[in-house]
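1. Just a sequence and a predicted model for now, questions to come.
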Amino acid sequence: MSAKGPPSCLATPIALLTFCLISPIADAGEIERGRYLVEALAACDNCHTPRGVAGYDLSNRFSGGAQTFSDKSYVVRGSNISPDRDTGVGAWTDEELRAAIVDGIGRNGRLAPVMPSESYKPLTARDLDAIIAFLRSATPIRAPLLAPQQRSGEWTPHPMPGASAAFDEASLADKNTRGLYVASLARCMSCHSEEIDGAPDYQNCLGAGGKTFRNAAGVVVASNITSHPVKGVGAWSDDELKRAITQGVARDGAPLRPPMSTLSKTHFSKMSPDDLDALVAWIRTIPPKE
Ligand code: HEC
Ligand code: HEC
């Protein structure tokens with residue numbers, strides 16, 4: 001055995017005990033928590049995993065997204081965030097990963113705002129570390145580098161009101177706080193609030209709908225999900241709301257269209273009953289808007 005470097009966990013029981021107690025080795029529970037946050041709420045695969053015919057190509061998980069996102073000031077692809085050291089983020093420190101995930105700052109400056117760091121801002125320190133532990137547990141995939149083709153400009157983050165900084169772990173015991181946390185990580189309001197000059201107008205239009213998507217299903221407008229009894233979901237039962245969120249089914253039983261249906265089936269269907277309850281309770285607190 002080499003005398004240099006950290007002792008391996010196969011070393012003598014005493015070395016093993018000391019090393020494993022002081023080193024931040026992710027435990028299985030932490031990795032599972034990270035998997036839950038990534039799969040059920042934050043939907044990182046949506047932009048960072050290529051797609052095959054039957055959905056995400058999980059054999060190349062996190063090796064880079066299929067879509068190219070472009071705007072006046074950027075043309076970017078979802079990067080390789082698998083633990084490959086050369087083409088992914090395997091050589092990044094935890095500190096660098098935290099900066100990318102919650103502050104939108106990459107190794108070469110500010111990331112394009114397609115990377116929704118603003119929505120991940122409320123991540124508790126423990127949950128942010130769990131996401132990082134889960135990413136590090138994935139298979140390293142060597143893939144062509146997807147350097148931004150263009151990226152110029154400064155972008156202002158637009159976090160949801162009340163969700164612009166890390167939450168305290170203990171605060172999540174409160175149902176409404178937990179609902180807000182879930183809504184921010186799942187980016188509900190960034191789609192369901194109208195944009196003014198490219199920024200969601202949370203002050204005046206929170207949840208009132210408006211963002212428009214053009215895809216194979218046609219022109220799809222994010223619905224009003226405020227508590228307005230006619231224009232919003234104020235008259236819906238909890239079960240109807242939960243079905244829309246986790247199965248992509250409208251109140252009348254018709255299927256919702258993408259991107260909502262895709263997010264529902266692939267991601268939100270995995271939401272824990274507690275998170276779903278909290279989310280629905282929080283949605284009910286959104287003031288009615290026409
Ligand atoms: C809506 C699409 C989208 C989602 C969802 C998304 N990302 Fe990103 N992410 C991007 C894009 C696009 C970039 C590259 C931006 C650029 O190059 O300026 C990026 C960049 C990154 C980077 C920096 C990598 C590098 O090489 O510069 C990390 C780390 C990252 N994302 C992690 C995550 C994690 C973890 C999640 C889920 C918690 C996530 N992303 C969710 C689109 C997304
Ligand atoms: C990427 C954008 C996007 C995200 C993120 C998103 N939605 Fe949606 N949502 C939509 C669109 C677009 C529709 C309309 C679908 C249609 O008309 O077929 C919709 C429809 C809905 C409906 C059905 C409303 C109705 O009147 O039929 C509900 C409820 C809903 N979303 C709740 C949520 C919640 C809660 C979240 C977060 C967990 C969320 N959405 C995240 C885009 C999004």
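-> Cool, got the structure. Ligands and ions are numbered 1, 2, ... in the order given.

2. chain center to the lengthiest helix in the chain, what's the gap?
-> In the chain, assigned by DSSP state H, the helix with the most residues is helix 125-137. With CA atoms, centre = their mean, to the nearest Å as the basis, helix 125-137 stands 12 Å off its chain's centre.

3. and if you look at stretch 37-47?
-> 5 Å.

4. Any part of it near ligand 2?
-> No - counting by CB under 6 Å from any ligand atom, ligand 2 has no neighbours in stretch 37-47; the shortest distance is 7.7 Å. Quick note: C-beta positions are derived from backbone N, CA and C, even for glycine.

5. any residue of that stretch up close to ligand 1?
-> Yes - legend: contact between stretch 37-47 and ligand 1 by CB under 6 Å from any ligand atom is shown at Val38, Ala42, Ala43, Cys44, Asn46, Cys47.

6. try stretch 177-186
-> No - judged by CB under 6 Å from any ligand atom, stretch 177-186 stays clear of ligand 1, getting no closer than 7.8 Å.

7. Alpha carbons only: can I get that stretch in CSV?
-> Extracted C-alpha coordinates of stretch 177-186, given in CSV (Å, rounded to 0.1, in the frame of the first residue of the first chain):
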residue,chain,number,x,y,z
THR,A,177,-42.7,27.0,3.4
ARG,A,178,-42.3,23.5,2.1
GLY,A,179,-44.8,24.1,-0.6
LEU,A,180,-43.0,27.2,-1.7
TYR,A,181,-39.7,25.3,-1.6
VAL,A,182,-41.2,22.6,-3.9
ALA,A,183,-42.7,25.1,-6.2
SER,A,184,-39.4,26.9,-6.6
LEU,A,185,-37.3,23.8,-7.2
ALA,A,186,-39.9,22.5,-9.7
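
8. thinking again about what came up before, buried residues, the longest helix of the chain. List them.
-> By 16 or more other CB atoms under 10 Å, the buried positions in helix 125-137 come out as Asp127, Leu128, Asp129, Ala130, Ile131, Ile132, Ala133, Phe134, Leu135, Arg136.

9. quick one: Ile131 and Leu41 touch, right?
-> No - the criterion here is CB atoms under 8 Å, and Ile131 misses it with Leu41 at 10.0 Å.

10. In JSON lines, list the buried residues of helix 125-137 along with distance to His228 and pLDDT.
-> Compiled in JSON lines, the buried residues of helix 125-137 are given as follows (distance: CB to CB, whole Å; pLDDT from 0 to 100):
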{"residue": "Asp127", "distance to His228": "32", "pLDDT": "98"}
{"residue": "Leu128", "distance to His228": "35", "pLDDT": "98"}
{"residue": "Asp129", "distance to His228": "39", "pLDDT": "98"}
{"residue": "Ala130", "distance to His228": "36", "pLDDT": "98"}
{"residue": "Ile131", "distance to His228": "35", "pLDDT": "98"}
{"residue": "Ile132", "distance to His228": "39", "pLDDT": "98"}
{"residue": "Ala133", "distance to His228": "41", "pLDDT": "98"}
{"residue": "Phe134", "distance to His228": "38", "pLDDT": "98"}
{"residue": "Leu135", "distance to His228": "39", "pLDDT": "98"}
{"residue": "Arg136", "distance to His228": "44", "pLDDT": "98"}
